[in-house]
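Colleague: here you go, sequence then predicted model.
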Amino acid sequence: MSANGVRPARAHASVDNLRTYLLAAARQAPDRPAVIQAAGSGLETVTYGELERRTDRIAEQLDALGLDVGDRVILEADTDADTVATFLACATVGLAFVPASPEAPDERLLTIIESAEPALHLQSLQGKRDCVPDSVGTARFGPDGLVVERAPEPRVRRRRAVTPIDTAYITFTSGTTGRPKGCVMPHRGIIAFLRGAAAEELITHEDRVASTAPFQFDFSLFDIGFTLSHGATLVPVPRARLNWPRRFLGHLNDAGVTQVDAVPSVWRPVVQHESEMLSDLGDSGTLRRIVFSGEAFPMDELRTMQKLLPKVAFTNGYGATETMAASITPVPNPLPEGVERLSIGHAVAGAEWTLVGPDGAIVDGPGVLGEIYLRTPSLFSGYWNDPEATRACVVPDPLDTASGRVVFKTGDLASMGEDGELYFHGRADSQVQIRGNRVELGEIELRVNQFDGVTGAVALVLPRADGDPQLHAFVTTADGAEPDTKELVAFCRAALPAYMIPQGVHTVGEFPLTPNGKVDRAKLSALVAS
Ligand SMILES: Nc1ncnc2c1ncn2[C@@H]1O[C@H](COS(=O)(=O)NC(=O)C[C@H](N)c2ccccc2)[C@@H](O)[C@H]1O
């Protein structure tokens, strides 16, 4: 019995809960490897049976702290077996975990703590965080369970069961307004998306999936969920190995990885410095698939990857944290000549999207730009403590406004292909007009990329106090030298309308990245302001 005599809450095996859904394999084949992870300079394997034992031990200890279903727990960690066990333990007792990166600065963690008001902060035995306020309990997790340093204040337990609509996790994304927004994800939401993803039949239980995203980026939560729900093996790639192409590829090779999940930027240094080793990895026949998400894979970089990996399948995972994701689309290898924009295909099984034009009319034909509205059971519960931001994107189904059903207004623009597949055209709020003409940043980037010596291009429009917004192109070049700006601009003029010609060209050594590995456009903009 717990503090107020109520039996502690527990996930019920008969309804959707992340713990029961992700440990189903532990029942059927407990000796199968769940996680293969770095250990010293080598690797170690944690089986599904061992993962379940660690999960239950931590769940018991969390229970003893007397927390209530729905209480928040900061889980500051990198992905490994103990992080997964802690994540599953939280799901078992109905605690909402808030993934945090050990690399996040103190003030970012404190902002999240101020907003989420967690009962407990959890970090690994090696964790270095020591700025957690006294109002929050602290504990460390490891292979032998939890070590509680400061018990959380006792809570009154009002709930007796963990239900599928209870919160599994809250991921705080650095909202464009600067204040981080917490995406509240219910158990049934993530499970619905993972079921839809499973219908793509990308992997079997024999696969070994490498996860490269930081734990606080929900791409990592997808990797964990997708892999464990198939009874396959998760291979986390620690940052120390990820940041060295040779070590990264060695880790993939040693662990016998068959699929690598990574944002496009992860591959840039690998192709630049270890293309030979990458090609050998593809020829070995073990690596079968690369899944990317987060942002469009620059076409020329993708083509280069495909030349090195002719036998590997490429898959484009598109979607937002608010619905975990939306579509999982195969990319032809090789990409046919002339294809200049990647398809994001159709929404996964169990979901469907609608394109809505600027005038509110439904777009159901090719070539017209509209905003994607996603009808899906993987919809989040809303933004933490921000009903206004929630109302702005959880809206009545445009096809059936009287029904009371709601859909996710993605803020993404797309056009439709011949058989209804979609092509991503960028964020609605980054669409710009210059002198009344809609500017396609992707088209500008494509053209600049074709200029001799340019290896990467990002186009931005920067507002100006007085006058039209200005178009700027940021480029990386093969030898780091600045391209001849006049020639580059002339090259653009030969293919683009006048209003799409960059007024500023800036050479950077490499593109700055956000903590989640996406091109940091805000940092690029700041280069011009300075
Ligand atoms: N494949 C893409 N092409 C092009 N633009 C994209 C793409 N994937 C996202 N995006 C963009 O990124 C936004 C979502 O950003 S996010 O909320 O941080 N989520 C993600 O980036 C990852 C996403 N949750 C996910 C997790 C697991 C599997 C697939 C996708 C989308 O609205 C798109 O604008």
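Modeller: Thanks, I have it.
Colleague: from the chain's centre, how far out does stretch 347-360 sit?
Modeller: Taking CA atoms, centre = their mean, to the nearest Å, one finds stretch 347-360 lying 21 Å from the centre of the chain it belongs to.
Colleague: which residues of the stretch 201-350 of the chain lie near the ligand?
Modeller: By the rule CB under 6 Å from any ligand atom, the part of the stretch 201-350 of the chain lying against the ligand is 218-219, 222, 293-296, 316-321, 324-325. Where C-beta positions appear, they are placed from N, C-alpha and C, glycine not excepted.
Colleague: which one is the residue nearest the centre of the chain nearest to, not counting chain neighbours?
Modeller: With distances taken as CA atoms, centre = their mean, residue 219 lies nearest the centre of the chain, 2.9 Å away. Spatial nearest neighbour of residue 219, chain neighbours left out: residue 213 (3.8 Å); criterion: CB to CB, 6 or more residues apart in numbering.
Colleague: that neighbour contacts residue 223, correct?
Modeller: Yes - between residue 213 and residue 223 there is a contact at 6.8 Å, judged by CB atoms under 8 Å.
Colleague: shared neighbours of those two, anything?
Modeller: Common neighbours of residue 213 and residue 223 are listed as residue 261 (criterion: CB atoms under 8 Å, 6 or more residues apart in numbering).
Colleague: how close does residue 395 sit to residue 371?
Modeller: 11 Å (CB to CB, to the nearest Å).
Colleague: so which of the two has more stuff around it?
Modeller: residue 371 (23 against 14; other CB atoms under 10 Å).
Colleague: element containing that one?
Modeller: Residue 371 is part of strand 370-375 when elements are defined by DSSP states H and E.
Colleague: helix, strand or coil for residue 389?
Modeller: What DSSP: H, G, I helix; E, B strand; the rest coil gives for residue 389 is helix.
Colleague: let's have the chain start at 834 instead
Modeller: OK, 834 is where the count begins now, so the last one is residue 1222.
Colleague: sorry, back to before: check which element follows the strand holding residue 1204 along the chain.
Modeller: Counting by DSSP H and E, the next helix or strand C-terminal to strand 1203-1208 is strand 1215-1216.
Colleague: helices or strands next to that next one in the packing?
Modeller: Applying 3 or more CB pairs under 8 Å, 6 or more residues apart in numbering; DSSP states H and E, one finds that strand 1215-1216 contacts strand 1014-1019, helix 1220-1226.
Colleague: which stretches of the stretch 1184-1333 of the chain form strands?
Modeller: Using DSSP state E, counting those that start in this stretch, the strands of the stretch 1184-1333 of the chain run over 1185-1189, 1195-1196, 1203-1208, 1215-1216, 1227-1229, 1239-1249, 1255-1260, 1265-1267, 1270-1272, 1287-1295, 1303-1310.
Colleague: which of these has the highest mean neighbour count?
Modeller: By mean neighbour count, with neighbours taken as mean count of other CB atoms under 10 Å, strand 1203-1208 ranks first of the strands of the stretch 1184-1333 of the chain at a mean of 24.
Colleague: just the C-alpha atoms of that strand, please, in PDB.
Modeller: What follows is strand 1203-1208, C-alpha atoms only, in PDB (Å, rounded to 0.1, in the frame of the first residue of the first chain):
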ATOM      1  CA  GLY A1203      -1.900  23.800 -49.900                       C
ATOM      2  CA  GLU A1204      -1.400  23.400 -46.200                       C
ATOM      3  CA  ILE A1205      -1.400  19.800 -44.900                       C
ATOM      4  CA  TYR A1206      -4.100  19.000 -42.400                       C
ATOM      5  CA  LEU A1207      -3.600  15.500 -40.800                       C
ATOM      6  CA  ARG A1208      -6.400  13.300 -39.500                       C
END
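Colleague: what angle separates that strand from strand 1239-1249?
Modeller: Strand 1203-1208 runs at 140 degrees relative to strand 1239-1249, counting by axes from the mean of the first three to the mean of the last three CA atoms, to 10 degrees.
Colleague: so how far is the ligand from the nearest residue to residue 1128 once chain neighbours are set aside?
Modeller: Leaving aside its chain neighbours, residue 1128 sits nearest to residue 1351 (5.1 Å; criterion: CB to CB, 6+ apart). Residue 1351 sits 7 Å away from the ligand, going by CB to the nearest ligand atom, to the nearest Å.
Colleague: again, but for residue 993
Modeller: With distances taken as CB to the nearest ligand atom, residue 993 is found 33 Å from the ligand.
Colleague: which helices and strands sit right next to the one helix or strand in the chain whose mean pLDDT sits lowest?
Modeller: The weakest-scoring helix or strand in the chain, judged by mean pLDDT, DSSP states H and E, is strand 1265-1267 (a mean of 79). If contacts are counted by 3+ CB pairs under 8 Å, 6+ apart, strand 1265-1267 sits against strand 1270-1272.
Colleague: paired strands for the strand it packs on, with orientation please.
Modeller: Taking DSSP bridges as the criterion, strand 1270-1272 pairs within the sheet with strand 1265-1267 (antiparallel).
Colleague: for the ligand, which of the helices and strands packed on strand 1215-1216 is the nearest?
Modeller: With respect to the ligand, and counting by CB to the nearest ligand atom, the nearest of those is strand 1014-1019 at 7.6 Å.
Colleague: now do the strands in the stretch 934-1083 of the chain.
Modeller: Under DSSP E, counting those that start in this stretch, the stretch 934-1083 of the chain gives strands at 953-957, 970-975, 978-983, 994-995, 1000-1006, 1014-1019, 1041-1044, 1066-1069.
Colleague: Serialize those strands to JSON lines and add fields for mean neighbour count and mean pLDDT.
Modeller: Formatted as JSON lines, these follow (neighbours: other CB atoms under 10 Å; pLDDT from 0 to 100):
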{"stretch": "strand 953-957", "mean neighbour count": "24", "mean pLDDT": "98"}
{"stretch": "strand 970-975", "mean neighbour count": "20", "mean pLDDT": "98"}
{"stretch": "strand 978-983", "mean neighbour count": "16", "mean pLDDT": "98"}
{"stretch": "strand 994-995", "mean neighbour count": "20", "mean pLDDT": "93"}
{"stretch": "strand 1000-1006", "mean neighbour count": "24", "mean pLDDT": "95"}
{"stretch": "strand 1014-1019", "mean neighbour count": "23", "mean pLDDT": "97"}
{"stretch": "strand 1041-1044", "mean neighbour count": "24", "mean pLDDT": "98"}
{"stretch": "strand 1066-1069", "mean neighbour count": "28", "mean pLDDT": "98"}
